[in-house]
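1. Pasting the sequence and the predicted coordinates here, then a few questions.
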Amino acid sequence: MGVWRGSDGIEVAAVIVGDRPCLRVSRWNGGQRTLIRYCSDVREVAEHVDLADLTPAPNP
């Protein structure tokens, strides 16, 4: 699955919840992740973050 990062510790990750794919929007702060929202599509993500600010995270 893909992970994208933005400014202010924003992270968007493609994940599976139950049996449903979704996009998890969260913020990293001081080593702690705070969930903002699970979104069903990119339009929902855009309500919470600036999509133009996101860049692909490097593979570990």
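-> All right, it came through fine. Numbers count the residues shown, from 1 in each chain.
2. partner residues bridging residue 11?
-> residue 5, residue 26 (DSSP bridges).
3. Can you tell me how far it is from residue 19?
-> Remark: distance between residue 11 and residue 19 (C-beta to C-beta, to the nearest Å) = 23 Å. Heads up, the C-betas are built off the backbone N, CA and C, glycines and all.
4. which of those two has more neighbours?
-> residue 11 (18 against 5; other C-beta atoms under 10 Å).
5. List the contacts of the spatially most central residue of the chain.
-> Ranked by distance to the mean C-alpha position of the chain (C-alpha atoms, centre = their mean), the top residue is residue 12 at 1.2 Å. Residues in contact with residue 12, defined by C-beta atoms under 8 Å, 6 or more residues apart in numbering, are 3, 4, 5, 6, 23, 24, 25, 45, 49, 54.
6. ok, residue 54 to residue 19 distance?
-> Noted for residue 54: a distance of 26 Å to residue 19, by C-beta to C-beta.
7. Look up which residues are beta-bridged to residue 16.
-> For residue 16, the beta-bridge partners are residue 21 (DSSP bridges).
8. ok, the residue of the chain positioned farthest from its centre - contacts?
-> When distances are taken from the C-alpha mean of the chain, residue 19 lies farthest, 18.4 Å away, according to C-alpha atoms, centre = their mean. With C-beta under 8 Å, 6+ apart as the criterion, no residue contacts residue 19.
9. With the one 4 residues further on instead?
-> Counting by C-beta under 8 Å, 6+ apart, residue 23 touches 12, 13, 14, 15, 38, 39, 40, 41, 42, 44, 45.
10. Kindly provide the distance from the third one to residue 41.
-> Distance check for residue 14 against residue 41: by C-beta to C-beta, it reads 11 Å.
11. so where's the protein uncertain?
-> 1, 60 (pLDDT under 70).
12. what ranges do the strands span in it?
-> Using DSSP state E, the strands found in the chain span residues 3-5, 10-17, 20-29, 32-39, 55-56.
13. Please work out which of those is packed deepest.
-> Highest mean neighbour count among those (mean count of other C-beta atoms under 10 Å): strand 3-5, with a mean of 17.
14. what comes into contact with that one?
-> So strand 3-5 is contacted by 11, 12, 13, 14, 54, 55, 56, 57 (C-beta under 8 Å, 6+ apart).
15. Good, we can wrap up now.
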